[in-house]
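Asker: following is a predicted model, sequence given first.
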Amino acid sequence: MSVSPVCPRCGEVLQVRPGSTGEGWCHLHAAVTPLHHTAVIAHDEIRAVCADARVPAWVPDPMPGGWAVTGLAWGGEPGARAIVVACAGPAPLGGAAEMVLVAEEPGTGLGCGYAGLPGVDPGDLVSGPSHAEVQAAGQRAPLWMVPTVDDRAAYVGEAQGVWLWLVTWPASAAWLLAEDLDLVDLRDRVYPDLPLGPPTERLLPGR
Ligand SMILES: [Zn+2]
């Protein structure tokens with residue numbers, strides 16, 4: 001079930017002209033790629049979004065113990081140019097944690113939306129020595145930490161020719177990166193026992 005598309009940069013509901021699904025109008029950010037999301041997370045919905053997606057849908061594989069997918073959002077349809085997979089589970093240092101993994105074509109602004117950054121791309125924030133790394137579909141992907149608000153941590157890098165963002169709540173949940181974090185592209189394989197959890201309230205940017 002798809003609900004009203006929102007701005008990928010601020011999460012506000014968009015004006016979308018009938019017949020023009022590729023572009024929406026945000027009163028703050030002008031023309032943007034509409035971000036769609038689903039109220040009910042289900043394996044079939046993930047498969048449907050992944051079927052014609054132009055960017056990866058990243059999810060940890062294996063999932064950290066007790067973690068589950070709690071949301072799915074995609075920018076543009078058909079042929080998603082950005083995909084967000086939200087997950088939640090126990091934090092490495094205790095308590096509950098949430099994470100969004102974003103793949104997006106440059107110029108979309110979705111990762112910056114979660115990180116609270118003003119632009120659409122990380123620009124100079126991706127330079128110098130990297131701060132962490134993940135394995136994305138078997139390829140090493142260095143990540144750079146970017147400045148963000150106190151309640152979260154945000155990292156960005158590049159994988160398969162598009163931005164890869166990882167944002168965690170609370171900031172200390174980024175300790176997940178201290179372990180080897182392997183990501184699988186759900187376009188390659190939606191495994192039937194991929195754990196699904198109740199929908200997150202962190203799915204949309206700008207919150
Ligand atoms: Zn906006």
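Answerer: Great, that's in hand.

Asker: please compute how far the lengthiest helix in the chain lies from its chain's middle.
Answerer: In terms of residue count, the longest helix belonging to the chain (DSSP state H) is helix 43-51. Distance of helix 43-51 from the chain centroid (C-alpha atoms, centre = their mean, to the nearest Å) equals 15 Å.

Asker: now whatever helix or strand comes next after that helix, how far from the chain's geometric center?
Answerer: Per DSSP states H and E, the first helix or strand lying C-terminal to helix 43-51 is strand 58-60. Computed by C-alpha atoms, centre = their mean, the chain-centroid distance of strand 58-60 equals 10 Å.

Asker: try stretch 142-160
Answerer: Worked out by C-alpha atoms, centre = their mean, stretch 142-160 lies 11 Å from the chain centre.

Asker: next one: stretch 191-200
Answerer: Offset of stretch 191-200 from its chain centre (C-alpha atoms, centre = their mean): 15 Å.

Asker: and stretch 134-147, by the same measure?
Answerer: Distance, centroid of stretch 134-147 to centroid of chain: 13 Å (C-alpha atoms, centre = their mean).

Asker: center of the protein, which residue is that?
Answerer: By C-alpha atoms, centre = their mean, the mean C-alpha position of the chain lies nearest to Val102, the distance being 2.5 Å.
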